[in-house]
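Got a sequence here, can you model it:
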Amino acid sequence: MNDGVNGVALTVFILFFLAVTVMGFLAARWRKAENEHSLDEWGLGGRSFGTWITWFLLGGDLYTAYTFVAVPAAIYAAGAAGFFAVPYTILVYPLIFTFLPRLWSVSHKHGYVTTSDFVRGRFGSKGLSLAVAVTGILATMPYIALQLVGIQAVLDVMGVGGGEDTNWFVKDLPLLIAFGVLAAYTYSSGLRAPALIAFVKDTLIYIVIAVAIIYIPIKLGGFDDVFGAASEKYTAAKAGGLVPLEAGQWTYATLALGSALALFMYPHSITATLSSRSREVIRRNTTILPLYSLMLGLLALLGFMAIAAGVKVTNPQLAIPQLFEDMFPDWFAGVAFAAIGIGALVPAAIMSIAAANLFTRNIYKDFIKPHATPAQETKVSKLVSLLVKVGALVFVLTMDKTVAINFQLLGGIWILQTFPALVGGLFTRWFHRWALLAGWAVGMVYGTVAAYGVASPTQKHFGGSAKEIPGIGEIGYIGLTAFVLNVLVTVVLTFVLMAAKAPDGIDETSPEDYTADAGDPGVQVELPPATAGTSH
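Prediction:
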C-alpha cells in the first residue's frame, strides 16, 4: 500500500472528476424541455433517450464502481465462486426481453414513473404499491452507500486523506467533496446528468479493462503464470482450486439465478429503462447489453492477476485499486482510478433519483398530498434525492464497510420479493392483491430472519446471503428460497380468496396497453387525475 500521496494519479483523477462535474451541470441544458417541472423531465429525462444513450445509461447503471471493485475482489478472496456474476448477467437479458417492453408500453400509456405506479394501477391497491415502494427504497439505500465505498477505496489507495490517526474531517473531506458535487448536479440536472456522464464512464472502463487484460499478464509472465499462482493459492487454502467445491455448487447456481431475477427489480434499473423513447429501444438494448457481460468476464480475471502480482491487502475491496497502483504507470493508474470513481457517480445519481421518485409518487402523492401538482412532485423528488444521498453518506462514514456490503446483500433478498407483483402483473391479472401482499410479507420476513442468522468471521449477524434450503438440505441463496415461499403463499392464497369471493381491485389497464408504442393513439405522459389517487 502506498504510504504517500500518488500525485500524478491524483492529478489525472481530479482532471477527469472536474470534467464530468462540468458535464453534470451542463446536462441541465441538454435536450432541455419547455416544461422542466415534472418528474417525466427531471426523473426520466423526458422519456426521450434513444438506443445508444439508453445503452450507456443502463450500462452505467448496472455495472457500477462496486462491480468494478467487488467482482474481482470476490475472486481474489474466494476463488472461482466469485464468477457467479458472469452467468447471472447472461441469464438476465433473455429474461428482461420478455417483460421490459411490456412494462415500458403500459408505463408510457398511463404515465407511470415507478414500478409502484404500475402495481397500483394493475391491482388497484395502494397497500401493495406502498410495499413495493418501501422495498425499493430500502434495497437502494445500501447500494448507493457501496458506490461511495468504491470512491473511498480509490482515495485510500492514492493516499488521500491521511492515515488512520488523521482527524476524521480531513480524512473524509475528499469523499465529502465528491458527495457534494454529485448531490448538486443531480439536483440541478436530474437523470440527464448521469445519462451524459455515462458516455465518459463506460468509455474509460472499456479502455482500462482492455489495457489491463493485455498489459498486466505480460508483466506477470503470461496467463499460464497468472492461473498457476491463483490455483496454488486456492489449493493451499482448500478453496477448490479454479472451480468451486462441490458443496458450493448449489450456492453458486441459486445465487446466479436469484440475482438474475432481482437485477431489474431495482428501481434504478427501471428508471433507466423508462427513460427510453420507444418500445423498440428497449428490445434493441436487451440484445446489445450482453457486451457488458463480456467486459465483466474480463474484469473478473483481474482477481487472479491480483494474486499473481502478490497484492496483499487486509480488505479485499482494495485489491484491484492496489493492483492498478502497483502495475500501471502513475498516469494510467489515475485513468483507472477515474474510471472507478466516475463509475460510482453515475449509478449513485440514478439510484437516488429512482428512490426519490418512489417516495414522491407512491408515498407523498398517494398518502400525504394526493392533489400535488407536477411542479410540487418535482420539488419533493429533488429534495428527497438529496436526503437519500445524505443517508448513504452517513451510513458509509459511521459504519464498518463490511456492514454496507452485507446490507446490500440483504437488499437483493428484499427486492426479489417484488417480482411476483411486478412481473406477474405484466402477464396476468389472476393473482389476488391481498395474496400478493401476503406472499411479499412472508418472503421479506423469511429472508430477513434467515440472513440475520448467518454469521461470518467478521459479523455475528447478516454475515452472508446463503443458508441451508429447507427440505433440500443444500446451501443456497436465501433470496431465491424466500422467493419460492413468496410464490407458494401467493398462489395458495389466491385460490382461497377467489373461492371466498374476496373483493379484488380494479385494473385500470387493458390488454392493448402492454404492446403500445410511442405515438400510438391514447399514449400519454402524465398519470390521469381521475385515477392517480384511486384505491379499491
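
tally of neighbours for residue 347?
Neighbours of residue 347 under the rule other C-beta atoms under 10 Å: 28. Where you see a C-beta, it was placed from the backbone N, CA and C, and this is true even at glycine.

do residue 398 as well
Quick note: residue 398 (other C-beta under 10 Å) scores 8 neighbours.

List phi and psi for it.
Note on residue 398: backbone dihedrals following degrees, to the nearest 10 are phi -110, psi -10.

Renumber starting at 507 from here on
Noted, 507 is the first residue going forward, which turns the last one into residue 904.

From residue 897, how far out is it?
Distance from residue 904 to residue 897, counting by C-beta to C-beta, to the nearest Å: 11 Å.

now swap in residue 655 and tell me
As for residue 655, its distance to residue 897 is 14 Å (criterion: C-beta to C-beta).

neighbour-wise, which of those two wins?
residue 655 (25 against 17).

quick check, that one in a strand?
No - using DSSP: H, G, I helix; E, B strand; the rest coil, the assignment for residue 655 is helix, not a strand.

how much space is there between it and residue 780?
From residue 655 across to residue 780, the span is 28 Å (C-beta to C-beta).

contacting residues around stretch 893-908?
By C-beta atoms under 8 Å, 6 or more residues apart in numbering, the residues outside stretch 893-908 that reach it are 643, 646-648, 650-651, 653-655, 658, 674, 678, 681-682, 685, 688-689, 692, 821, 823, 854, 857-858, 861-862, 910, 964-965.

So residue 921 lies in a helix, does it not?
Yes - checked against three-state DSSP, residue 921 lies within a helix.

which residues does the spatially most central residue of the chain contact?
In the chain, the centroid-proximal residue (C-alpha atoms, centre = their mean) is residue 568; its distance is 5.4 Å. Neighbour list for residue 568: 595, 769, 775, 795, 798, 853 [criterion: C-beta under 8 Å, 6+ apart].

Of the residues you listed - the most surrounded one?
Highest neighbour count within those: residue 853, with 28 neighbours (other C-beta under 10 Å).

where does that one land in three-state SS?
Assigned by three-state DSSP, the conformation of residue 853 is helix.

can you give me the strands for the stretch 907-1042 of the chain?
Here the stretch 907-1042 of the chain has its strands, by DSSP state E, counting those that start in this stretch, at 972-974, 981-983.

possible to save these as JSON lines with mean neighbour count, distance to residue 959 and mean pLDDT?
What follows is the strands of the stretch 907-1042 of the chain, written out as JSON lines (neighbours: other C-beta atoms under 10 Å; distance: least, C-beta to C-beta, whole Å; pLDDT from 0 to 100):
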{"stretch": "strand 972-974", "mean neighbour count": "18", "distance to residue 959": "7", "mean pLDDT": "88"}
{"stretch": "strand 981-983", "mean neighbour count": "24", "distance to residue 959": "13", "mean pLDDT": "91"}
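
give me phi/psi at the residue nearest to the centre of the chain?
Residue 568 adopts backbone torsions of phi -90, psi -30, taken as degrees, to the nearest 10.

That one and residue 857: what is the separation?
For residue 568, the distance to residue 857 (C-beta to C-beta) stands at 11 Å.

swap in residue 920?
Taking C-beta to C-beta, one finds residue 920 at 15 Å from residue 857.
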